[in-house]
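Student: Only the shape, not the letters, is given here:
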């Protein structure tokens with residue numbers, strides 16, 4: 001399973017000035033972090049399932065029944081290490097994505113509040 005959707009698709013507010021509509025170009029959708037969270041959960045499940053299997057059961061997923069010369073491409077311990085690394089990468093990506101989205105929303109609210117404040121401070125002569 002691939003992880004890191006938020007690293008790839010989420011962008012926070014940039015130092016570039018707002019576009020003509022007064023909105024900053026940044027990500028407000030939670031799709032990336034949600035995908036990352038689902039992938040993190042899948043890795044936790046993989047870790048639990050792998051840890052609960054005996055070496056014979058683990059090798060049985062990769063080898064024909066009764067083939068004593070066959071072994072799994074990764075030991076259970078190695079697989080747990082790989083699943084842990086992938087889970088941590090997915091979790092880090094989800095946290096990154098959520099923080100960048102929060103920064104984007106805060107920046108947009110600030111721009112919107114500033115624009116509303118400027119409109120409210122204009123005085124119309126009688």
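Tutor: Cool, the structure landed. Since we're looking at a predicted model, the values are computed, not measured. Numbering: from 1, shown residues only.

Student: Low-confidence ranges, this structure, go.
Tutor: The chain contains residues with pLDDT under 70 at 1-2, 15-23, 114-126.

Student: make it 80
Tutor: Low-confidence segments of the chain (pLDDT under 80): 1-3, 14-24, 65-68, 71, 111-126.

Student: Can you list the helices and strands that the lengthiest helix in it packs against?
Tutor: Ordering each helix of the chain by length in residues (DSSP state H) puts helix 76-121 first. Here helix 76-121 touches helix 5-9, helix 31-52, helix 55-60, going by 3 or more C-beta pairs under 8 Å, 6 or more residues apart in numbering; DSSP states H and E. Heads up, the C-betas are built off the backbone N, CA and C, glycines and all.

Student: Let's have those helices in TSV, adding distance to residue 71 and mean neighbour count.
Tutor: Shown next, in TSV, are the helices and strands packed on helix 76-121 (distance: least, C-beta to C-beta, whole Å; neighbours: other C-beta atoms under 10 Å):
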stretch	distance to residue 71	mean neighbour count
helix 5-9	34	18
helix 31-52	15	17
helix 55-60	6	14
